[in-house]
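Have a look at this fold, sequence not included:
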């Protein structure tokens, strides 16, 4: 249980808040390269700030304030120029550094163009890696964009899923420090859902947790479990899988590993990214895939229907089940009312890591996973055998997070059928 | 006109407010039994509290907090077990008394199960009568659930429901205001029928109210009227029809019940019992088979136009009046006149009841011993016409949407000679 003040400290992400300051020390995914292929601008809400991502005619990305500093029209309607984005209202242009480089009518009256130098727009750094576009909203200089393994590994085809989840980011992260919910929400509740859908044949007995464990490591926390019938030799305990500080989960298995990234849009809304790699061992053919060709999809968010009934048809997969848990905990769940038990010790460890990182930032130090020196690749563990079975999102069942909606697997199924 | 403080006192219904505590002394309808056909849980918002109604595998109803006390997932997604409802997140079970009866992983680490005893969830008593499910959110012991006649008489029943986006009190006040019938349900109805090109349906002439009166009786207030052309010997004056304190209106064979969801929303129930004297065949009807239907709520369409097609009936017209008075209508700016004396009487009764409650006494219609069936009288002849809900016109409240009348029209339910 937290006090109201502690809960605010850990959840609020706007400019000037402690957690907002911490999260501004990290690069955040804001779009995929493929998403920007057929559009000029994309509205981006990140850490409570309304921004616009654009690509100008020279191919340079910019991430600037949505509000034009002249008379506040939205730059989402902006027109890309050779260099920068032009406001459609009076033709002012801003470049990716936030400089105002054209003010047509002002320059007509005052050919010196002196007014331009006095006008800037908030602008943030952008970088692309592994088909994702990242933004950095923190103090300069920006740290290195970390090359986590899945963004840079060879021998994989990738896909990217997206959803806007209407709740605070922290309850989503806490779910990742909670192995026991898998047995209930993703197995017992899943069986209940299959019953509702008339698919009783898909029900299978839940696997009981005999023990759970959590270890802080260099990049975050490794979580481990022993299911009934397993031992500490099993990969679920010996290897486990990590929460990468501050807001990544690495999930899946060695053949189809995935990042699940929870990027706060504002205090009550989270951009959810599934970044999935299919290796050759998964059974999917690995072909060259330029970043702009990485497919992306939007996963549906289950709410109650107009009769107050659950949308069972999209609750048959892990992500659907998780999302209803998170949303129904409330926009920002009230942690003054929680009742934590033994299943929740990972949550306590994670909150402690957050608190240490908040203090590091307050003391002027770099928190965990802020890298100043260039690295080629950062490797993270994940199980090959998960929950006592070979993890295979291709040949196995498709209830794991959003593989139900996977464009790669739809192609695969078509190829197999053909 | 009320002061802002008086208005708050009479309208706010959350826990700890004067009116919230008064309304918590009464059993309130929360669902029709048949609404739970084919579903395990139903989200229920009542008096500002977010709850979930469920039926477990033993058939026991429970009404508990929507929030699981562990990590706050909604129990609307709960899984019914032999006894109680299981949270889908980590498998904790709560029974209908609010006790935590299972915590699977906690019991794995600590087989004594001692943590369970420390955890409870808010839970409220539930009872079924006449195919409706009632809940009691007040201090225990709960009073007796009163057997108002239509709930227990032999009849064919149906339940109609709407969520009206305004405070409950302005809906109740409308029931203490006979004069609006002449205007909203006659004059404006004719105007609406004109918009719909249905001038031929303008059946009611404009009949003026010559006199109105209100009488307190043991269960509420009876309202009476004399319409032009009629006298004090007619049923409209002699018998009239009542509001039952605090939140029922009785019209014909229907209870209209206004249950506050929260300060700004009201669950509206039309509970209708077609008794043998209404002229239809009475067949056995299990609670699960009582028709349940939702009535549409008229709002402005996307172009700002009234939805004329659903304001051709009394309920549609009433709902437009109530909603447009504002979420909680501002009674500091009202101008009450002679048509509104029933409203003043009703407000006084509310105030007296709050004071009784605050002094520890039971207000009107809180029964500690079972009074048995309570008969409520209404007019046999209304505005000079014999009350005939089967053969008459169908503009009275939600008769337009009545499944029973559809079944009568299609011959599924036979007509009999009305008494």
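Structure's in. What do you need? Remember, it's a predicted structure, so these values are computed and weren't measured experimentally.

Check what contacts the helix or strand bottoming out on mean pLDDT in chain B and list those residues.
Least confident helix or strand, chain B: strand B:385-386 with a mean of 88, by mean pLDDT, DSSP states H and E. Under the criterion Cβ atoms under 8 Å, 6 or more residues apart in numbering or on different chains, residues B:380, B:392 lie in contact with strand B:385-386. (C-beta placed from N, C-alpha, C; glycine too.)

That one: partners in the sheet, and parallel or antiparallel?
Here strand B:385-386 has these sheet partners by DSSP bridges: strand B:381-382 (antiparallel).

pLDDT wise, what is residue 280 at?
Because you didn't say which chain, this covers chain A. With respect to pLDDT, residue A:280 scores 92.

nope, chain B
The confidence metric pLDDT takes the value 95 at residue B:280.

Would you check that it makes contact with residue B:155?
No: with contact defined as Cβ atoms under 8 Å, residue B:280 and residue B:155 do not form a contacting pair (9.4 Å).

shared neighbours of those two, which are they?
residue B:274.

Tell me which residues touch whatever residue of chain A ends up closest to chain B, please.
Closest contact between chain A and chain B, by Cβ to the nearest Cβ, is at residue A:328 (3.2 Å). Listed by Cβ under 8 Å, 6+ apart, the contact set of residue A:328 reads B:66, B:72, B:73, B:74, B:76, B:77.

change it to 6 Å
B:73, B:74 (Cβ atoms under 6 Å, 6 or more residues apart in numbering or on different chains).

Low-confidence bits of chain B, can you list those?
For chain B, residues meeting the criterion pLDDT under 70 lie at B:204-205, B:418-419.

Next secondary structure after the least confident helix or strand of chain B?
Proceeding N to C from strand B:385-386, the next assigned helix or strand is helix B:403-410, under DSSP states H and E.

residue ranges of the helices in chain A, please?
For chain A, applying DSSP state H gives helices covering A:4-11, A:18-23, A:104-109, A:149-152, A:169-175, A:180-183, A:189-196, A:235-238, A:318-328, A:345-362, A:407-417.

Dump the ones you listed to CSV, plus mean pLDDT.
Putting the helices of chain A into CSV (pLDDT from 0 to 100) gives the following:
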stretch, mean pLDDT
helix A:4-11, 98
helix A:18-23, 98
helix A:104-109, 90
helix A:149-152, 98
helix A:169-175, 98
helix A:180-183, 96
helix A:189-196, 96
helix A:235-238, 95
helix A:318-328, 97
helix A:345-362, 98
helix A:407-417, 90
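
Distance to residue B:407 added to those, as TSV?
Formatted as TSV, the helices of chain A follow (distance: least, Cβ to Cβ, whole Å):
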stretch	distance to residue B:407
helix A:4-11	54
helix A:18-23	60
helix A:104-109	73
helix A:149-152	62
helix A:169-175	49
helix A:180-183	47
helix A:189-196	30
helix A:235-238	59
helix A:318-328	38
helix A:345-362	55
helix A:407-417	47
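
do you know which of these lies nearest residue B:333?
Ranking the helices of chain A by proximity to residue B:333 (Cβ to Cβ) places helix A:4-11 first, at 37.1 Å.

Tell me which residues are up against the closest one.
Contacts of helix A:4-11 (Cβ under 6 Å, 6+ apart): A:18, A:168, A:170, A:332, A:335, A:336, A:354.

nearest to residue B:186, of those residues?
Nearest member of these to residue B:186, counting by Cβ to Cβ, is residue A:332, at 51.1 Å.

List the residues that contact that closest one.
Residue A:332 sits next to A:11, A:168 when contact means Cβ under 6 Å, 6+ apart.

which residue sits closest to residue A:208 in space, ignoring its chain neighbours?
If the residues on either side of it in the chain are set aside, residue A:208 comes closest to residue A:228, at 4.3 Å by Cβ to Cβ, 6 or more residues apart in numbering or on different chains.

Show the model's pLDDT score for that neighbour.
94.

Got the phi and psi for it?
Main-chain torsions, residue A:228, degrees, to the nearest 10: phi -50, psi 130.

So which residues make contact with stretch B:101-117?
Taking Cβ under 6 Å, 6+ apart as the rule, stretch B:101-117 contacts A:180, A:209, A:341, A:342, A:343, B:84, B:91, B:92, B:93, B:95, B:100.

Test my guess that the second one contacts residue A:182.
No: distance between residue A:209 and residue A:182: 8.1 Å, which falls outside the contact criterion (Cβ atoms under 6 Å).
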